[in-house]
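Chemist: quick one, what's the 3D model for this:
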Amino acid sequence: IDDVQDIFKRVNQEPVDFLLGAGDLTQRGTAEQLSRYQRELRQLEVPYYTSLGNHELGQSPTLWHDYFGRASLHFDYRGAAFSLVDSSSATVDPIVYGWLDGWLDEHSADVHVVAMHIPPLDPTGVRNGAFASRNEAAKLLLKLARGHVDLTLYGHIHSYYKFENGGIPAYISG
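Modeler: Next up, the predicted model:
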């Protein structure tokens, strides 16, 4: 967080319409860290859409929501669909699967990007780098593939990786 001002300053100099994030915005998710991040965001001149990461769950699983609202959301931009899914606890809430079904149905013919923090499957095999359940991971990837998702984006592993999940291009931002 001590360097985020430099990042936001640089972003503000570019022709960027918005930022898309995948969590781990703080170290421990404390009220102090979330409050500071909220203050730092005021320097950013474009919208920043993000879900939370496992680091934001640190102090309280619901504290993030007090500061930033829902962690799973959807928006459309220039004919493309963007869905952010909260996977910060290595699973997806059943209610979010219902929302995701609607987002996928509504945008099956559009370019669709899905971002979340923890990837369903870890491309490197690192411990705790994927969903807690391989069955749930398979269920989600099948849902994304059948929903014609064009790109998946993840965080969590803190390194850059390019791979495929269920035939869908996937990136871990690092």
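Chemist: what residues does the lowest-mean-pLDDT helix or strand in the chain touch?
Modeler: Ranking every helix and strand in the chain by mean pLDDT, DSSP states H and E puts helix 63-68 at the bottom, with a mean of 90. With C-beta atoms under 8 Å, 6 or more residues apart in numbering as the test, helix 63-68 has contacts from 29, 30, 31, 34, 35, 37, 38, 52, 56, 57, 71. C-beta: built from backbone N, CA, C; applies to glycine.
Chemist: give me every residue that touches the last one.
Modeler: What it means is residue 71. By C-beta under 8 Å, 6+ apart, the contact list for residue 71 reads 51, 52, 64, 65, 84, 86, 88.
Chemist: look up the closest residue to the first one, ignoring the ones flanking it.
Modeler: Think residue 51. Ranked by C-beta to C-beta, 6 or more residues apart in numbering and with sequence neighbours excluded, the top spatial neighbour of residue 51 is residue 84, at 4.4 Å.
Chemist: the host helix or strand of the one you found: what's the following helix or strand?
Modeler: Element membership of residue 84, judged by DSSP states H and E, is strand 80-85. Sequence-wise, the next helix or strand downstream of strand 80-85 (DSSP H and E) is helix 94-106.
Chemist: in that following helix, what's buried?
Modeler: For helix 94-106, the neighbour count (16 or more other C-beta atoms under 10 Å) marks 96, 99, 100, 103, 104 as buried.
Chemist: surely the fourth one and residue 81 touch.
Modeler: Yes - at 6.7 Å, residue 103 and residue 81 qualify as touching, with contact defined as C-beta atoms under 8 Å.
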